[in-house]
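[1] coordinates only, sequence not included:
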Ligand code: DAH
């Protein structure tokens, strides 16, 4: 009998579980009102006197072992449920991460790049901090040229040769200096002008520049390309080119698209004319080609430049340019696109 109890002690010591029901079964088996211990204590009176002492000791040991076991496993299981309560169910799926949206300027920029990439233009970029040569002189705007005043410039420190580019036309120069014709490139980027900030203009904005240089490029090529662009971008198929002046193109023109006069907004944004100016363009001035190491007797080309904010304001009907830079998420969250 004593040996049998000792076996139970070993068994109870080795017992382990992570399951409450199994633990309860273990408790009932030893400590329950009809449990083994009850039987062993009842047996006590039948044990011969000389064994009573040892019998009593082993039965007590079994009782203590079983009680301690139940208590320690119970505590362990409770601490586990506690940590589940504290951290929640650790196996549950994670919280969904809110997907951001692209900035409207990026959306419009990507759309423009997309249209031109389908007709063979690559994308090029240049530095925002420029020197005088690339921003002005190479573009046929020598020192003291009155047209420099058209673009109020931010100079860095007092050095007149270090400035924030006033247009992306500077990338044209860099691209021509480093690549041989045929050239078909489109250059998006940020530009800077020392202008008073208002609902229509800002001191930082974005432009996209286009440049095409090859043999026999004509003004007709320019016009067809721009027509293709306005159809793809705005779904409008009527444009007009008004004579204009830019030092880096000859002849130069401003491009208007016929927006129409269907709604009140159309009236407002076209000032009642139905026409809307969207960019400047022209045939690259032979002087500019020469400045960039391209022979104007062999090659001709066209260039154009447009402001991204202006186009984004048109497409999304945004009345104030400052909205683009305020980073108000209520504004930004409204723009969703795959581009
Ligand atoms: N750089 C001009 C501006 O910032 C835009 C422009 C006009 C770019 C005519 C050109 C162009 O390439 O041919 O106002």
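    Cool, the structure landed. This structure is a prediction, so every number in the text was calculated from the model and none was measured.

[2] partners of residue 304 in the sheet?
    residue 210, residue 281 (DSSP bridges).

[3] is it true that it touches residue 223?
    No: taking contacts as C-beta atoms under 8 Å, residue 304 lies outside contact range of residue 223: 10.7 Å. Bear in mind the C-beta positions are built from the backbone N, C-alpha and C, glycine included.

[4] tally of neighbours for the closest residue to residue 306 other than its chain neighbours?
    Residue nearest to residue 306 in three dimensions, not counting chain neighbours: residue 279, with 3.6 Å by C-beta to C-beta, 6 or more residues apart in numbering. The local packing of residue 279 (other C-beta atoms under 10 Å) involves 22 other residues.

[5] over to residue 71?
    Applying other C-beta under 10 Å, I find that residue 71 has 11 neighbouring residues.

[6] for it, phi and psi?
    phi -60, psi -50 (degrees, to the nearest 10).

[7] roughly how far does it sit from residue 65?
    Note on residue 71: its distance to residue 65, by C-beta to C-beta, to the nearest Å, is 11 Å.

[8] need the residue closest to the centroid of the chain.
    Centroid check for the chain by C-alpha atoms, centre = their mean gives residue 102 as the closest residue, at 5.9 Å.

[9] wait, that one touches residue 335, no?
    Yes: with contact defined as C-beta under 8 Å, residue 102 reaches residue 335; the gap is 6.5 Å.

[10] residues of the stretch 51-200 of the chain that sit close to the ligand?
    The stretch 51-200 of the chain comes close to the ligand at residues 167, 169, as judged by C-beta under 6 Å from any ligand atom.

[11] how about the strands in the stretch 51-200 of the chain?
    Remark: strands assigned in the stretch 51-200 of the chain by DSSP state E, counting those that start in this stretch are 122-123, 129-130, 163-164, 183-192.

[12] which stretches of this structure form helices?
    Secondary structure of the chain (DSSP state H): helices at 2-14, 20-31, 36-43, 49-87, 104-117, 132-135, 169-178, 219-234, 264-269, 286-291, 308-316, 329-332.

[13] out of those, nearest to residue 299?
    Closest of the helices of the chain to residue 299 is helix 286-291, at 6.4 Å (criterion: C-beta to C-beta).

[14] give me the contact list for that closest one.
    Applying C-beta atoms under 8 Å, 6 or more residues apart in numbering, the contact partners of helix 286-291 are 137-140, 172-173, 176, 213, 248, 250, 295-296, 299, 301.

[15] for it, what is the average pLDDT?
    Averaged over helix 286-291, pLDDT sits at 97.
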